[in-house]
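1. This is the structure alone, sequence omitted:
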């Protein structure tokens with residue numbers, strides 16, 4: 001059964017939170033990615049869900065506004081991708097890949113994207129650690145897992161990654 005991809009805005013927030021707890025555990029909020037998006041809301045045009053066909057959620061992908069603040073110059077707007085979550089019983093069925101392909105389509109013309117994840121998995125969607133080696137984050141991260149998809153744009157080699165407020169970039 002091929003389930004439809006919906007805008008995340010059509011899904012009740014408690015359902016998203018339940019899926020995230022099921023996929024990542026209730027201690028997930030202590031991760032660095034949560035610090036990166038603190039005080040922001042998911043980007044509606046870049047956040048998606050797949051319902052399970054029985055009133056629940058099979059998978060979600062959220063994207064958030066972040067910025068890279070270089071030592072000199074203005075902050076560079078980026079899109080933080082993640083979490084990408086699939087209900088544990090439905091993993092390895094291609095749902096995360098479907099959400100990522102939908103995101104890549106939606107990113108056309110948008111800001112470059114960044115995520116914390118497995119380079120082996122996200123590399124097939126154009127993400128790599130090539131541009132991120134000297135970026136600073138508000139918490140620990142395994143350097144090889146900080147990945148960017150530049151969309152052919154040049155990004156600063158150094159800078160602090162953090163939440164993007166509406167007044168920034």
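-> Right, received. Where do you want to start? On a predicted model such as this, the values are computed, not experimentally measured, just so you know.

2. element containing residue 98?
-> With elements taken from DSSP states H and E, the one containing residue 98 is helix 95-107.

3. now the helices: where do they sit in the chain?
-> Using DSSP state H, the helices of the chain run over residues 13-24, 32-36, 95-107, 119-122.

4. Could you work out which of those helices reaches nearest to residue 48?
-> Nearest of these to residue 48, taken as Cβ to Cβ: helix 95-107 at 5.5 Å. (Each C-beta comes from the backbone N, C-alpha and C, glycine too.)

5. For the chain, which segments are assigned as strands?
-> All strands of the chain, identified by DSSP state E, fall at 6-7, 48-51, 57-69, 76-86, 113-116, 134-136, 146-149, 158-163.

6. Is it possible to get CSV of those strands that adds distance to residue 17 and mean pLDDT?
-> Formatted as CSV, the strands of the chain follow (distance: least, Cβ to Cβ, whole Å; pLDDT from 0 to 100):
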stretch, distance to residue 17, mean pLDDT
strand 6-7, 17, 95
strand 48-51, 12, 94
strand 57-69, 10, 95
strand 76-86, 10, 93
strand 113-116, 20, 96
strand 134-136, 29, 94
strand 146-149, 25, 96
strand 158-163, 19, 94
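
7. So which of those strands is nearest residue 21?
-> Nearest to residue 21, of all the strands of the chain, is strand 76-86, at 9.4 Å by Cβ to Cβ.

8. What strands flank that closest one, and is each parallel or antiparallel?
-> strand 57-69 (antiparallel), strand 113-116 (parallel) (DSSP bridges).

9. Switch those over to JSON lines; also include mean neighbour count.
-> Below are those laid out as JSON lines (neighbours: other Cβ atoms under 10 Å):
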{"stretch": "strand 57-69", "mean neighbour count": "24"}
{"stretch": "strand 113-116", "mean neighbour count": "24"}
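
10. circling back: only the buried residues of the helix holding residue 98, if you could.
-> Going by neighbour count (16 or more other Cβ atoms under 10 Å), the buried part of helix 95-107 is 95-96, 98-100, 103-104, 106-107.

11. Figure out how far it is from the centre of its chain.
-> 11 Å (Cα atoms, centre = their mean, to the nearest Å).

12. and that helix with strand 57-69, angle?
-> For helix 95-107 against strand 57-69, the angle by axes from the mean of the first three to the mean of the last three Cα atoms, to 10 degrees is 50 degrees.
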